[in-house]
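Model the structure of this input:
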Amino acid sequence: MPTEAEQRQSRVAGATALLAVGNIASRVLGLVREQVLTYLFGASAAVDAFQVAIIAPRAAYDLLIGGHVNGAIVPVLTDLRANKAELWRVLGLLAGLVMALLTGLALLMMAFAPQVVRLAAEGADASTQALAVALLRLTAPGLIFLGLFAVFSGALIALERFIWPAFATVVFNGCIALVTVLLAPPQQVMLAGPGDIYAPVLIARPADGIAAAAIGWLIATVAQFALQLYGLGRARTDGPRLRLRLGWRQPALRQIGRLYVPVLAGLLLDTLIVRFFTYNLATQTGIEGAIGYMVWATTLIQFPQGLVATAISLAVLPMLSQAANALDDFRATLGLGLRLTLGLILPAAVGVFVLAVPLVRLLFEHGAFTAADTEIVATATRLYLLGLPFAAVDLLLVYAFYARKDTLTPALIGVVSHVVYMVTLLLLIEPLSLYALMIADAIKHVVHALLSAIILGLRLRGYGRQGILATGLRAGIAAAVMGAVGVGLLPPLTAFIGGGGILREAVGVGVAAAIMGAVFLALAWLLRIQELRWLVTRVRQRLGR
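I've put the predicted structure just below:
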């Protein structure tokens, strides 16, 4: 009979593995989505217009229902798991409220699209702003489906039905890429070659072809919402059907509201001030495609972030919520999550840092995307990576606060870190231009993680003897040696790739990553990083069932 600790480890391993697989598939399709945009439109004003058109509904989504909404929904719905009838009633009330609110907001966003675009991209030229206005009117209705998706995926996480939330973004990114290709196929022209032989040459689509991506984005929001709705149908075995209702007096709904108010206050600063402040500074750097460079670098960062931090944090959150009143169990679950995070995020960050240039070249340098664009995105990626380990640890610490039904403290810490970010950015933007955005972002994550760790440690009266620092030190040593090996591999890797095309690029990057990974695993074994051994064993056990 497995012990309680072994059962906890098995549940974390199984959920983490499932969420990690979903995140890998999601990030791969996210890269495909960005490759479609770079291939067809390059680092252009059209891409900037599309990014502005989706940042507005996404900002509203993050502000009102997205972001860390799981911190308000999951702990409350976890408490209702034993009373399924009440759970479905609360879920129907919450979904009805969210749908009514976001429908009104989407209509306002469409009506005032020119004002929203000017707020987000004041430094863009008139034609780019006009294109962004037209695209925003296409993407705004997606806000409704994003909100319902967030509510339903939070319910599924509370029920520990991770498969549907895990693969939602796979569907989302796949829809955008597919619809964009179908509606905006690349144009070809015939150019004369040697001997007056005409050959088709691929060129970028005109700027208005970017509307295909906006339509794909809207369809994608509907698709991922529909997937969560199907998952809830599979999860409901008894009790009333899910019905959308309007009401305010249900105690659990009021508790969700109380928990979400501090989150909302923090997101007000992030979405209405910091995000638009960032995009405005980016458009005023004088670098065409600046917003696109930020997005492509962030896309690479999201690979290890989603694979490690998001997967582990979401897997642990329901278990932390259940153990919120048992301090020893809470410390043990949190310590397990932190050790796993450190053991995985450090090698992932170092690997992407070392291979940034060949990775960007492989993924994006095709069609209208040039070698100069590769250098800019690779540098931006490396600067973002400086804050990645802190961001990964911080996400789990924030979820630990949420599990204890404390959303105020992370919101206050967020205010401090955002102020630090904005001050740093203003100080660095003139000498460093675009790269100031990445450095300020990394500093923000360092500040937030350190404050979260200190305050949570005081609340828990210490983290107990969890071996967190020891695991981080061992993983750091192994990752550093792995990185040194990777740096040594770069010259022969670059010579091998040469001008050999995408297949040779893929082989070169794959071989280098495999060698670096083997070095890290060997060192992890020698340094006795038990968490990695345990994770492999637990995942094998789960997959073998």
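
Buried residues, the helix or strand hosting residue 170. List them.
Element membership of residue 170, judged by DSSP states H and E, is helix 168-183. Across helix 168-183, burial judged by 16 or more other CB atoms under 10 Å covers 168-181. From N, CA and C alone the C-beta is placed, and that goes for glycine too.

so can I have CSV of those showing distance to residue 33 and pLDDT?
Shown next, in CSV, are the buried residues of helix 168-183 (distance: CB to CB, whole Å; pLDDT from 0 to 100):
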residue, distance to residue 33, pLDDT
168, 14, 86
169, 10, 83
170, 11, 86
171, 12, 90
172, 9, 90
173, 5, 89
174, 8, 89
175, 9, 90
176, 5, 90
177, 4, 88
178, 9, 89
179, 10, 89
180, 8, 87
181, 10, 84
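
With respect to residue 221, which of the residues you listed is nearest?
residue 172 (7.3 Å; CB to CB).

what's the distance between that closest one and residue 162?
To residue 162, residue 172 is 17 Å away according to CB to CB, to the nearest Å.

can you check residue 264 too?
26 Å.

Of those two, give the one with the bigger neighbour count.
Comparing residue 264 with residue 162 by other CB atoms under 10 Å, the one with more neighbours is residue 162, at 23 against 18.

May I have the phi/psi pair for that one?
With angles defined as degrees, to the nearest 10, residue 162 sits at phi -80, psi -20.

just for the stretch 151-300 of the chain, where's the confidence low?
185-208, 236-240, 247-248, 271-272 (pLDDT under 70).

try 50
For the stretch 151-300 of the chain, the stretches with pLDDT under 50 are 189-192, 198, 201-204, 206.

can the buried residues of helix 168-183 go into JSON lines with extra columns for distance to residue 290?
Below are the buried residues of helix 168-183 laid out as JSON lines (distance: CB to CB, whole Å):
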{"residue": "168", "distance to residue 290": "30"}
{"residue": "169", "distance to residue 290": "25"}
{"residue": "170", "distance to residue 290": "29"}
{"residue": "171", "distance to residue 290": "30"}
{"residue": "172", "distance to residue 290": "25"}
{"residue": "173", "distance to residue 290": "23"}
{"residue": "174", "distance to residue 290": "27"}
{"residue": "175", "distance to residue 290": "27"}
{"residue": "176", "distance to residue 290": "22"}
{"residue": "177", "distance to residue 290": "23"}
{"residue": "178", "distance to residue 290": "28"}
{"residue": "179", "distance to residue 290": "26"}
{"residue": "180", "distance to residue 290": "22"}
{"residue": "181", "distance to residue 290": "26"}
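
middle-most residue in the protein, spatially?
Most central in the chain under CA atoms, centre = their mean is residue 302, positioned 5.1 Å from the mean C-alpha point.

Regarding it, what is its secondary structure?
Per DSSP: H, G, I helix; E, B strand; the rest coil, the secondary structure class of residue 302 is helix.

Looks to me like residue 465 is in a strand.
No: Residue 465: not assigned to a strand; according to three-state DSSP it is coil.

what about it, neighbour count?
Neighbours of residue 465 using other CB under 10 Å come to 8.

from here on, count from 650
Will do, 650 is the new start, and the previous item becomes residue 1114.

what's the spacing between it and residue 1101?
In terms of CB to CB, residue 1114 sits 21 Å off from residue 1101.

circling back to that earlier point, identify the residues contacting the helix holding residue 819?
671-672, 674-675, 678-679, 681-682, 685-686, 689, 798, 802, 860-862, 864-866, 868-870, 872-873, 876-877 (CB atoms under 8 Å, 6 or more residues apart in numbering).

so who does residue 765 touch?
By CB under 8 Å, 6+ apart, the neighbours of residue 765 are 705, 758, 785.

Which residue is the nearest non-sequential neighbour of the second one?
By that I understand residue 758. residue 789 (4.3 Å; CB to CB, 6 or more residues apart in numbering).

likewise the first one?
Using CB to CB, 6+ apart and skipping the chain neighbours, the partner closest in space to residue 705 is residue 765 (5.0 Å).

Is that neighbour part of a helix or strand, or is it coil?
Residue 765 ends up helix, using three-state DSSP.

From residue 859, how far off is it?
18 Å.

Let me see the contact set for residue 788.
Here residue 788 is in contact with 702-703, 705-706, 863, 866-867 (CB under 8 Å, 6+ apart).

Which strands and helices lie in contact with whichever strand or helix holds residue 1026?
Residue 1026 is part of helix 1020-1034 when elements are defined by DSSP H and E. Where contact means 3 or more CB pairs under 8 Å, 6 or more residues apart in numbering; DSSP states H and E, helix 1020-1034 is packed against helix 939-953, helix 976-1003, helix 1005-1013, helix 1084-1108.

Run the chain-centre distance for the longest one.
With CA atoms, centre = their mean, to the nearest Å as the basis, helix 976-1003 stands 17 Å off its chain's centre.

for that helix, which positions count as buried?
978-1003.

Tell me how many other residues surround residue 668.
25.

Please read the previous query as pertaining to residue 1046.
Residues near residue 1046, counting by other CB under 10 Å: 26.

neighbours around the residue lying closest to it once chain neighbours are set aside, how many?
Counting by CB to CB, 6+ apart, the nearest residue to residue 1046 once its immediate chain neighbours are dropped is residue 1101, at 4.1 Å. Residues contacting residue 1101 under the criterion other CB under 10 Å number 24.

Since that was my last question, I'll sign off now.
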